[in-house]
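Below is the structure, and that's it, no one-letter string:
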């Protein structure tokens, strides 16, 4: 898919900055920018950088300055997330790596789902394609990963009532259900917009699906405190029922 000229220019500046700081083997884009589902209001720019070596403290300091400067462009440019996976580690789903997320570095994994998404619809911004060392994720492995996320991570989140008062958790959680179902039932990776179109399969009422769609388009539907509490209770119940249904058997 052709990138918007301003986004392409921003990614070119990222690549140039990285080449000035690290010995770069590859730089890869995946997610909504490569599937045609990018939302200027909501989507992140998802990047995997493959340096020769793990960045040490001095390199991380330089990378922090570079990312901060790039993020100063604002809007979607401030939502660029970059996972630094050293060469030779693209097959390891357990190792932790330096991850630029938001406005700081943290630690994160190259998850099985990310491997699958990168292989499915990723593209090289620099370096070879496919990425050297990226292993193929089998459908049974991907399905097992999805079930594990539903059983462990999402069940834990469902047990936290306060987070479901927030729009971001409602949107992310409910959209996860049809995306998970697509992998588990059909072996298909679908976009968030496609998932929103399938929310009613999990009992999401039309008004709530429309709120999620509107926020993705950049609108911000207003809710009273009472409506927010009622929505949180409903979303948690839908999540609990959906997770149980998808992991049964």
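It's in. Worth saying up front: this structure is predicted, and the values here are computed from it rather than measured. Numbers count the residues shown, from 1 in each chain.

List the buried residues of stretch 101-114.
101, 105, 108, 110, 112-114 (16 or more other C-beta atoms under 10 Å). (C-beta placed from N, C-alpha, C; glycine too.)

Inside helices: which ones of these?
112-114 (DSSP state H).

Same list (the residues you listed) but as JSON lines, adding distance to residue 18.
Putting these into JSON lines (distance: C-beta to C-beta, whole Å) gives the following:
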{"residue": "112", "distance to residue 18": "25"}
{"residue": "113", "distance to residue 18": "24"}
{"residue": "114", "distance to residue 18": "19"}
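
Looking at those, which one is closest to residue 82?
Nearest to residue 82 among those is residue 114, at 12.5 Å by C-beta to C-beta.

which of the buried residues of stretch 101-114 sit farthest apart?
So, those by C-beta to C-beta: farthest apart are 105 and 112, at 22.7 Å.

any weak-confidence spans in this protein?
249 (pLDDT under 70).

Sketch out the helices for it, chain order is fine.
Using DSSP H, helices in the chain cover 5-21, 32-35, 57-71, 112-121, 139-148, 155-158, 167-181, 192-196, 206-216, 225-247.

Same list, those, but as a markdown table with distance to residue 50 please.
Output for the helices of the chain, formatted as a markdown table (distance: least, C-beta to C-beta, whole Å):
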| stretch | distance to residue 50 |
| --- | --- |
| helix 5-21 | 10 |
| helix 32-35 | 17 |
| helix 57-71 | 14 |
| helix 112-121 | 11 |
| helix 139-148 | 22 |
| helix 155-158 | 31 |
| helix 167-181 | 26 |
| helix 192-196 | 26 |
| helix 206-216 | 30 |
| helix 225-247 | 33 |
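
Could you check how far the nearest residue to residue 87 once chain neighbours are set aside is from residue 10?
Residue nearest to residue 87 in three dimensions, not counting chain neighbours: residue 25, with 4.7 Å by C-beta to C-beta, 6 or more residues apart in numbering. According to C-beta to C-beta, to the nearest Å, residue 25 and residue 10 sit 21 Å apart.

Okay, domains of this structure per the record?
5-126, 139-247 (automatic domain parsing).

any idea how far residue 122 is from residue 91?
On the measure of C-beta to C-beta, residue 122 and residue 91 end up 15 Å apart.

Quick check on these two: which one has the bigger neighbour count.
residue 122 (24 against 14; other C-beta atoms under 10 Å).

Make sure that one is actually in contact with residue 28.
Yes - counting by C-beta atoms under 8 Å, residue 122 touches residue 28, with 5.2 Å between them.

Show me the common contact partners of those two, please.
48, 131 (C-beta atoms under 8 Å, 6 or more residues apart in numbering).

ok, and the closest non-adjacent residue to residue 198?
residue 178 (3.9 Å).

how near is the one you found to residue 59?
Relative to residue 59, and taking C-beta to C-beta, residue 178 is found at 40 Å.

And these two? Which one has more around it.
Taking neighbours as other C-beta under 10 Å, residue 178 and residue 59 compare with residue 178 leading, 22 against 16.

Please tell me how far the more buried one sits from residue 124.
Distance, residue 178 to residue 124, by C-beta to C-beta: 30 Å.

likewise residue 25?
11 Å.

So for these two, which residue has more residues nearby?
Neighbours around residue 25 and residue 124, counted as other C-beta under 10 Å, are more numerous at residue 25. The numbers are 20 against 13.

just checking, that one touches residue 53?
No - Residue 25 lies out of contact with residue 53 (C-beta under 8 Å); the separation is 10.1 Å.

what residues are shared contacts of these two?
In contact with both residue 25 and residue 53: residue 87, using C-beta under 8 Å, 6+ apart.
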